[in-house]
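Participant: Let me see the structure of the following:
(2 chains)
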Number of protein chains: 2
Amino acid sequence: PSVQHTALAAERQQVLTKPPGSLGQLEKLAINLAGLNGSDKPSVDPVRMVVFAGDHGVCAEGVSAFPQAVTAQMIANFASGGAAISVMAEELGASLEVVNLGTVGEVPELPGVIHQIIAPSTANMAKSPAMSSRQVESALYSGDDAARRAVNAGCRLFIGGDMGIGNTTSAAALACVLLGQQPAALVGPGTGLNSEGVARKARIVEKALHRHGPDRDPLTVLASLGGFEIAALTGAIMGCAARRIPVLVDGFIVSVAALVAVHQQPGVREWLLFAHRSAEPGHNSVLESLDASPLLDLGMRLGEGSGAAVAVPLLRAACALHNRMASFTDAGVSGKAGD
Amino acid sequence: PSVQHTALAAERQQVLTKPPGSLGQLEKLAINLAGLNGSDKPSVDPVRMVVFAGDHGVCAEGVSAFPQAVTAQMIANFASGGAAISVMAEELGASLEVVNLGTVGEVPELPGVIHQIIAPSTANMAKSPAMSSRQVESALYSGDDAARRAVNAGCRLFIGGDMGIGNTTSAAALACVLLGQQPAALVGPGTGLNSEGVARKARIVEKALHRHGPDRDPLTVLASLGGFEIAALTGAIMGCAARRIPVLVDGFIVSVAALVAVHQQPGVREWLLFAHRSAEPGHNSVLESLDASPLLDLGMRLGEGSGAAVAVPLLRAACALHNRMASFTDAGVSGKAGD
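Facilitator: The predicted structure is shown next:
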């Protein structure tokens, strides 16, 4: 980020026709984006959204309220415009890509879906590492490739989304290792387990952690407990930071992917903006560990990048106000008494 | 509101392709708006914004960080597009009206400004009632007139904004009487007083409350301690409720105007949506008393309706998702296991 543009933007916020500080977090956002953009006129447009989809072997343990077939079915729903993220992409005028990394259910050729199949699903992390190191590399590459496409298309904001039945189990396990916490603290209902289901899910995570052991190397942990879509999100986030384009981080799954990325490369953190606090209870610890104060707290827990999409207009508002408001001098408005 | 449309919308949210409940507050918003609209396809567009401006006699007591001239100067800034609410109106494609109810500084003829002058300012509430009952009636009428214009123009959401140096002093005094609280609990820094200034402001409110006495009749309290723009906002809110159009309530000032309206006519409450939690500390008690959970908490404290404007895209997102997402059946996506 450009220190110079950050400083200039902070000065500008002081002279716009409003009590200094009265736009709250929108001022901080505009200043931050000016630095990330390296521009006097911060902008997040065009926005690129990419949903990464993949299936999870741990579904064999009965950890989700929805059947595994849904992952493949939802890829078709993304493509045909009926999913939440599809509606939001259209509503916001953002481009949407879907990257299919491998599902148990069959996915036909569909417009807007990029097939970079790694395997029909990860292995069951309760019994063996979810991915081989080669599979992790493929997934990281898919993510980096999406970041590259976004930058080549001139996009100024990247939103990653997730689709994968069972992925809150995987994300909770990853967060347990990276944050040094117990499953009871980070495992939640996901798409809608009852308390019995959550307890079962926590026991499966416990089993996976026991199998995994003490290794905390981020990419090793990712291979052992992650998923194709989570690894791809980690790759996309690192790829965006390397190419100097900000990422608007969605909820629990994407935040865990960001946590892996930041553990691997701490410099990634400054390229991250946080959209919302998920209702999935483990999200709080992940956000705290990343020193993140998200913009929204609407009780959302849908995934797909939907929470990030809903927050895009706040970034646009911050930029519009910063770029287009008049200064006290230009508008002939008196400043604070005694200033 | 239509009970039938509320129920139909709640059913629809259960069959859209997402875990039920996973859109959090956006689901509740869509259901609420369907009932308020009396429609299967809830919408908030077109959006009408109206900023009411007026000066406060209590400024003679030195209660604001900004000089009184700013009220008139900002009216010109609204008209020329340089104020926060002007930028947001353009950004959102919303129509913006400014209603000038009387300022100490001179205001020239300006496009988009409606002059309904009551007096150059209210009287100093520390020494006498701020308004005569006739002045309150005029202000209420100006607000109602704005609601009427919005409905006649086919608008489906009304946002009221405020401009008036000194108006957090007036609003705090009103809230003290209506909520039965002490000035120390509700008086805050407004546009930027230091702690000494806040203490002085609280003493002035104390003095005004002592002069006012125990009367809690809403319109009498409004005359005694209110402002032209606050009374107009109360009138606009009652006028919108009477004409069955929802109001997206901004921060501290507009919430106090809504509090007066709800004390006067409790049925108004169901037409109110709450946009944001202001950084002005008194806002919390007012929101609690109105049983309101605002959508945003961004530390904003600018007024003008700016916080409500920033929340408009959340309402649009809620409507778009409700109206355009596919159902499980339509998309061929499996539902929750065991359902």
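
Participant: quick one: the helices in the stretch 51-200 of chain A?
Facilitator: A:69-80, A:84-92, A:133-152, A:167-179, A:183-186, A:195-212 (DSSP state H, counting those that start in this stretch).

Participant: quick one: the fourth one to helix A:69-80, angle?
Facilitator: Here helix A:167-179 points in a direction 100 degrees away from that of helix A:69-80 (axes from the mean of the first three to the mean of the last three CA atoms, to 10 degrees).

Participant: which residues in chain A form strands?
Facilitator: In chain A, the strands defined using DSSP state E lie at A:47-53, A:95-100, A:113-115, A:157-163, A:247-249, A:272-274.

Participant: Need these in a markdown table (columns: mean neighbour count, distance to residue B:220 and mean pLDDT).
Facilitator: For the C-beta atoms, the positions are set from N, CA and C on the backbone; glycine is no exception. Formatted as a markdown table, the strands of chain A follow (neighbours: other CB atoms under 10 Å in any protein chain shown; distance: least, CB to CB, whole Å; pLDDT from 0 to 100):
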| stretch | mean neighbour count | distance to residue B:220 | mean pLDDT |
| --- | --- | --- | --- |
| strand A:47-53 | 28 | 52 | 98 |
| strand A:95-100 | 24 | 56 | 98 |
| strand A:113-115 | 16 | 65 | 97 |
| strand A:157-163 | 30 | 52 | 98 |
| strand A:247-249 | 29 | 50 | 98 |
| strand A:272-274 | 22 | 47 | 98 |
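
Participant: right, and those strands - which one's nearest chain B?
Facilitator: strand A:157-163 (11.2 Å; CB to the nearest CB).

Participant: the inter-axis angle of the closest one versus helix A:69-80?
Facilitator: Angle between the axes of strand A:157-163 and helix A:69-80 is 140 degrees (criterion: the same axes, to 10 degrees).

Participant: what packs against strand A:157-163?
Facilitator: On a contact count with 3 or more CB pairs under 8 Å, 6 or more residues apart in numbering or on different chains; DSSP states H and E, strand A:157-163 meets strand A:47-53, helix A:69-80, helix A:133-152, helix A:228-242, strand A:247-249, helix A:252-264, helix A:306-324.

Participant: For the longest one, name the packing helices and strands.
Facilitator: Think helix A:133-152. strand A:47-53, strand A:95-100, strand A:157-163, helix A:218-225, helix A:228-242.

Participant: can you rerun that using 10 Å?
Facilitator: strand A:47-53, strand A:95-100, strand A:113-115, strand A:157-163, helix A:218-225, helix A:228-242, helix A:252-264 (3 or more CB pairs under 10 Å, 6 or more residues apart in numbering or on different chains; DSSP states H and E).

Participant: Enumerate the positions of it that are buried.
Facilitator: For helix A:133-152, burial by neighbour count (16 or more other CB atoms under 10 Å in any protein chain shown) applies to A:135-147, A:149-151.

Participant: Return the member of those nearest to chain B.
Facilitator: Closest to chain B, out of all of the buried residues of helix A:133-152 and judged by CB to the nearest CB, is residue A:150, at 22.1 Å.

Participant: Make JSON lines out of the helices and strands packed on helix A:133-152 and add distance to residue B:20.
Facilitator: Listed next are these as JSON lines, based on distance: least, CB to CB, whole Å:
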{"stretch": "strand A:47-53", "distance to residue B:20": "21"}
{"stretch": "strand A:95-100", "distance to residue B:20": "23"}
{"stretch": "strand A:113-115", "distance to residue B:20": "26"}
{"stretch": "strand A:157-163", "distance to residue B:20": "17"}
{"stretch": "helix A:218-225", "distance to residue B:20": "28"}
{"stretch": "helix A:228-242", "distance to residue B:20": "23"}
{"stretch": "helix A:252-264", "distance to residue B:20": "18"}
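
Participant: Could you export the strands of chain A as CSV, including distance to residue A:130?
Facilitator: Formatted as CSV, the strands of chain A follow (distance: least, CB to CB, whole Å):
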stretch, distance to residue A:130
strand A:47-53, 15
strand A:95-100, 18
strand A:113-115, 21
strand A:157-163, 15
strand A:247-249, 22
strand A:272-274, 24
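
Participant: Ok, which of those comes nearest residue A:225?
Facilitator: Smallest distance to residue A:225 across those (CB to CB): 15.1 Å, for strand A:157-163.

Participant: how far is the closest one from where the chain is centred?
Facilitator: 5 Å (CA atoms, centre = their mean, to the nearest Å).

Participant: Let's see it as PDB, backbone CA atoms only.
Facilitator: Presented in PDB, the C-alpha positions along strand A:157-163 are these (Å, rounded to 0.1, in the frame of the first residue of the first chain):
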ATOM      1  CA  LEU A 157     -11.700  -5.700  -5.700                       C
ATOM      2  CA  PHE A 158     -11.700  -9.500  -5.400                       C
ATOM      3  CA  ILE A 159     -14.400 -11.500  -3.600                       C
ATOM      4  CA  GLY A 160     -13.900 -15.200  -3.100                       C
ATOM      5  CA  GLY A 161     -16.800 -17.400  -2.200                       C
ATOM      6  CA  ASP A 162     -17.100 -21.100  -1.200                       C
ATOM      7  CA  MET A 163     -19.400 -24.000  -2.000                       C
END
